[in-house]
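Novice: sharing a model prediction with you, sequence too.
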Amino acid sequence: MSPETLHYLLQGVQNVTWQSLVMIAVGLLLIWLAVKKEYEPLLLLPIGAGAVLANLPLSPMVGEHGALTVLYNMGVGNELFPLLIFVGIGAMTDFGPLLENPKMVLLGGAGQFGIFLTLLLALFLGFNHNQAASIGIIGAIDGPTSIYVSNKLAPELVAPITVAAYSYMSLVPIIMPPIMRALTTAKERAIKMPYTSREISQRTRILFPIIVTIVVGTLVPFATPLIGMLMLGNLMRESKVVERLTGAASNELANIVTLFLGLAIGSTMVGASFINVSTMLILVLGLVAFCLDTVMGVLFGKLMNLFSGGKFNPLIGAAGISAFPMAARVVQREAQRENFDNFILMHAMGANAAGQVASVVAGGVLLALMGAA
């Protein structure tokens, strides 16, 4: 065998770098979290697989015409995938608990404060305005919104921001409880809130997505693509006349796009460009944004507890973030730790649904502030 032949046979081994090995390990970690811990498996498994495939030596999948590159250009580079996922989320979301208890919208707003506080912190650390706004949106705890905003403002940071957003979404059951316990007393966590289910007419349910789209689209035009697709999915659900489309949006479409999106995002985690100081700072700032959102939500919940004369369980404030419906479930679990008979899930679902809308509006506000076209 000639030296030249041997060179061609071993070129894969010769192109292994420590950065690629690190990112393959990260990809395998994400797959392990998805399989073993079941943390957001629909997202973390394809992201992890994409990271592994992208970091294999001389991987043709991330070449100019590689399959993963095609997926990225097809749906991430032009924001198509996040918008299609929002159609599916809208088709799966029941805004009934929010319509029954409209004051929960205040908690949805409070749960977005971390975005703007983290933006200021990112500016202090030396990121420019667009990059800082993109990092701050991780605090929305909403993957599609994070991708959409960062792609508009700082496309060079889409990969670490997306990884941070989805990773922290999957860690909601781990990150939120210690903060909630630290900011509330056992007596506050045990507060029971009776839930009297009030019938919401179909007319109201149909008008809600239409009115929200028109109002938000008029006040925050930059949020129109996100809120429009979210509410389109919800309108299909509530109209009950296009059940086939609703089923397709919430199942086949959402599943296929999630798979493609995960692989495309994972393919951007190429070690040589991903491992740097900025990525580490973004991961830390993303965690800070998440924690600040939870803190502000619980503190606002305590304020509502004060004005209600001690009848409002402040844990519900933590559900004002956008991680729907996982945040609401975590709130319910924490309430039951203090009192097994306590059932505040539907109140938390109302706050959580409000957080879903508020995160989209916050993304639009950021784009408007930064003057994105």
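Specialist: Right, received. Where do you want to start? The structure presented is a predicted model; accordingly, all values stated were derived computationally and were not measured. Numbering: from 1, shown residues only.
Novice: can you pull out the helices in the stretch 251-373 of the chain?
Specialist: Taking DSSP state H, counting those that start in this stretch, the helices of the stretch 251-373 of the chain run over residues 254-267, 271-274, 277-307, 326-338, 345-370.
Novice: can you name the residues in contact with the first one?
Specialist: In this structure, residues lying in contact with helix 254-267 by CB atoms under 8 Å, 6 or more residues apart in numbering are 27, 30, 42-54, 61-62, 68-69, 71-72, 74-76, 81-82, 84-85, 87-89, 91-92, 147, 158-159, 162-163, 166. Heads up, the C-betas are built off the backbone N, CA and C, glycines and all.
Novice: pick the most buried one from the helices of the stretch 251-373 of the chain.
Specialist: Of all those, helix 345-370 has the most neighbours on average by mean count of other CB atoms under 10 Å, namely a mean of 25.
Novice: what is the mean pLDDT for that one?
Specialist: Helix 345-370 comes out with an average pLDDT of 86.
Novice: just how off-centre is that helix within its chain?
Specialist: Here helix 345-370 shows a centroid-to-chain-centroid distance of 11 Å under the convention CA atoms, centre = their mean, to the nearest Å.
Novice: repeat that for stretch 35-52.
Specialist: 15 Å.
Novice: pLDDT below threshold where in this protein?
Specialist: Residue ranges of the chain with pLDDT under 70: 1, 7-8, 140, 196-197, 371-373.
Novice: which residue is nearest the centroid of it?
Specialist: Taking CA atoms, centre = their mean, the centroid of the chain lies closest to Asp142, which sits 2.0 Å from it.
Novice: restricted to buried residues, select the contacts of helix 254-267 in ChimeraX.
Specialist: Applied in ChimeraX, the following selects the buried portion of the contacts of helix 254-267 according to 16 or more other CB atoms under 10 Å:
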select :27,30,43,44,45,46,47,48,49,50,51,52,53,54,61,62,68,69,71,72,75,76,81,82,84,85,87,88,89,91,92,147,158,159,162,163,166
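Novice: isn't Met296 right next to Gly111, touching?
Specialist: Yes: using CB atoms under 8 Å, Met296 makes contact with Gly111 at a distance of 6.8 Å.
Novice: quick one: the strands in the stretch 151-300 of the chain, in order.
Specialist: Counting by DSSP state E, counting those that start in this stretch, one finds no strands in the stretch 151-300 of the chain.
Novice: filter the contacts of helix 254-267 down to the ones in helices?
Specialist: 27, 30, 42-54, 68-69, 71, 81-82, 84-85, 87-89, 91-92, 147, 158-159, 162-163, 166 (DSSP state H).
Novice: show me how far the helix or strand encompassing Ile115 is from its chain's centre.
Specialist: Taking DSSP states H and E as the criterion, Ile115 maps to helix 113-124. In terms of CA atoms, centre = their mean, the centre of helix 113-124 is found 17 Å from the chain centre.
Novice: which residues touch Pro155?
Specialist: Gly77.
Novice: look up how far Val149 lies from it.
Specialist: 11 Å (CB to CB, to the nearest Å).
Novice: measure the residue nearest to the centre of the chain to Phe340 for me?
Specialist: With CB to CB as the criterion, Asp142 and Phe340 are 32 Å apart.
Novice: quick check: nearest residue in space to Leu287, chain neighbours excluded?
Specialist: Tyr168 (6.4 Å; CB to CB, 6 or more residues apart in numbering).
Novice: neighbours around that neighbour, how many?
Specialist: Residues near Tyr168, counting by other CB atoms under 10 Å, number 24.
Novice: likewise for Ser150?
Specialist: 28.
Novice: verify the contact between it and Ala132 for me.
Specialist: No: assessed by CB under 8 Å, Ser150 is found out of contact with Ala132, at 11.1 Å.
Novice: dump stretch 272-284 to CSV, restricted to CA.
Specialist: The C-alpha trace of stretch 272-284 is given here as CSV (Å, rounded to 0.1, in the frame of the first residue of the first chain):
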residue,chain,number,x,y,z
ALA,A,272,-13.8,24.9,15.9
SER,A,273,-16.3,27.8,15.9
PHE,A,274,-18.5,26.9,18.8
ILE,A,275,-16.0,26.6,21.6
ASN,A,276,-15.0,30.1,22.6
VAL,A,277,-15.4,32.7,25.4
SER,A,278,-18.5,34.2,23.9
THR,A,279,-20.3,30.9,23.9
MET,A,280,-19.4,30.3,27.5
LEU,A,281,-20.7,33.8,28.5
ILE,A,282,-23.9,33.2,26.5
LEU,A,283,-24.6,30.0,28.4
VAL,A,284,-24.0,31.7,31.7
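Novice: not counting that stretch itself, show me its contacts.
Specialist: In this structure, residues lying in contact with stretch 272-284 by CB under 8 Å, 6+ apart are 17, 19-20, 22-23, 122, 125, 127, 135, 138, 157, 159-161, 163-164, 268.
Novice: out of the residues you listed, which are buried?
Specialist: For those, buried by 16+ other CB under 10 Å: 19-20, 23, 122, 127, 135, 138, 157, 159-161, 163-164, 268.
Novice: distance to Met280 for those - can I get that in CSV?
Specialist: Shown next, in CSV, are the buried ones among the contacts of stretch 272-284 (distance: CB to CB, whole Å):
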residue, distance to Met280
Gln19, 13
Ser20, 18
Met23, 14
Ala122, 13
Phe127, 13
Ile135, 12
Ile138, 14
Leu157, 13
Ala159, 13
Pro160, 9
Ile161, 13
Val163, 12
Ala164, 11
Thr268, 16
